[in-house]
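K.L.:
Dropping a prediction and its sequence here:
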Amino acid sequence: AQSVTQLDSQVPVFEEAPVELRCNYSSSVSVYLFWYVQYPNQGLQLLLKYLSGSTLVKGINGFEAEFNKSQTSFHLRKPSVHISDTAEYFCAVSKISGGYNKLIFGAGTRLAVHP
Amino acid sequence: DSGVTQTPKHLITATGQRVTLRCSPRSGDLSVYWYQQSLDQGLQFLIQYYNGEERAKGNILERFSAQQFPDLHSELNLSSLELGDSALYFCASNRAGSTEAFFGQGTRLTVV
């Protein structure tokens, strides 16, 4: 079975500061890794995903994440955040199998960007 | 706009009642997933359908059921509702072989 731990439930940060949202996963099989963002009263939108290859993955809105197999981590980073990045961020994994597997989500990290 | 449509957006109902949530997947997507997002449980996978057949089951209560119709839309039926069933219910869809699932805006269910 797979599980995802997001180490911070809330991350407050000032505008234009860098941010890192931490995610660790546990799985006995190889997985795909994802970060989703949920803006208030909205559905989930894919920020980026790691399938294979380069461990540094770039996504939308200036976000990037680094896959670390030895530490089973997939931390999300942004060098300079904006007020509009205020949202809830979810790390997720899915088992590599046929391309249509369910996502297992972490509990989410609420990013609050202050002016 | 993800292309996944969920109706209704909001639903308020009383305990003991039954409701049906509807999801229309993106054009061409054969897989539909249902998730429940609640304050205490977070985002939980409920059930997956692929081309009309149930493919995977998660933490779905026996009072809940789902189906996918020949036109590929899906319905999630929730019965004997309890206060604790109040949550945001998401539908997602993707194509076979795709690693990305697209989410609808969700249906917010409030049980009073």
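P.N.:
Good, I have the coordinates.
K.L.:
Run through the bridge partners of residue A:66.
P.N.:
Each beta-bridge partner of residue A:66 is listed here, defined by DSSP bridges: residue A:56, residue A:75.
K.L.:
Correct me if wrong: it contacts residue A:74.
P.N.:
Yes. In this structure, residue A:66 is within contact of residue A:74 by C-beta atoms under 8 Å, at 7.3 Å. No exception for glycine: its C-beta is placed from N, CA and C like everyone else's.
K.L.:
Neighbour count for these two, which is higher?
P.N.:
More neighbours surround residue A:74 than the other of residue A:66 and residue A:74, with 29 against 16 (other C-beta atoms under 10 Å in any protein chain shown).
K.L.:
so what's that one up against?
P.N.:
Residues counted as contacts of residue A:74 (C-beta atoms under 8 Å, 6 or more residues apart in numbering or on different chains) are A:23-25, A:33, A:35, A:50, A:65-68, A:91.
K.L.:
Beta-bridge partners for residue B:13, please?
P.N.:
Beta-bridge partners of residue B:13, counted by DSSP bridges, are residue B:111.
K.L.:
Tell me the predicted confidence for residue B:33.
P.N.:
Per-residue confidence at residue B:33 stands at 95 (pLDDT).
K.L.:
Contacts only, for it.
P.N.:
Going by C-beta under 8 Å, 6+ apart, residue B:33 touches A:102-103, B:45-48, B:91-93, B:101.
K.L.:
Can you tell me which of those residues lies closest to residue A:60?
P.N.:
The shortest gap between residue A:60 and any of these belongs to residue B:101, at 15.9 Å (C-beta to C-beta).
K.L.:
That closest one contacts residue B:94, doesn't it?
P.N.:
Yes. With contact defined as C-beta under 8 Å, residue B:101 counts as touching residue B:94 (4.5 Å).
K.L.:
Common neighbours of the two, please.
P.N.:
Between them, residue B:101 and residue B:94 share these contacting residues under C-beta under 8 Å, 6+ apart: residue B:31.
K.L.:
who in chain A is up against chain B?
P.N.:
Residues of chain A lying near chain B by C-beta under 8 Å from any C-beta of the partner chain: A:32, A:36, A:42-46, A:49, A:51, A:90, A:94, A:98-108.
K.L.:
Surely residue A:4 touches residue A:22?
P.N.:
No. Contact between residue A:4 and residue A:22 fails when scored by C-beta under 8 Å: they sit 11.1 Å apart.
K.L.:
doesn't residue B:6 fall inside a strand?
P.N.:
Yes. Checked against DSSP: H, G, I helix; E, B strand; the rest coil, residue B:6 lies within a strand.
K.L.:
Name all residues that make contact with it.
P.N.:
For residue B:6, the contacting residues are B:21-24, B:89-91, B:104-107, by C-beta under 8 Å, 6+ apart.
K.L.:
Would you mind measuring from it to residue A:40?
P.N.:
Residue B:6 sits 17 Å away from residue A:40, going by C-beta to C-beta, to the nearest Å.
K.L.:
Tell me where chain B has strands.
P.N.:
In chain B, the strands defined using DSSP state E lie at B:5-7, B:10-13, B:19-24, B:31-38, B:42-50, B:53-57, B:64-68, B:74-78, B:87-94, B:102-103, B:107-111.
K.L.:
got the contact list for the shortest one?
P.N.:
To tie it back to what came earlier, the one meant is strand B:102-103. Residues contacting strand B:102-103 (C-beta under 8 Å, 6+ apart): A:36, A:43-46, B:2-4, B:26, B:29, B:90-94.
K.L.:
Tell me the most packed of those residues, by neighbour count.
P.N.:
Neighbour counts for the contacts of strand B:102-103 (other C-beta under 10 Å) peak at residue B:91, which has 31 neighbours.
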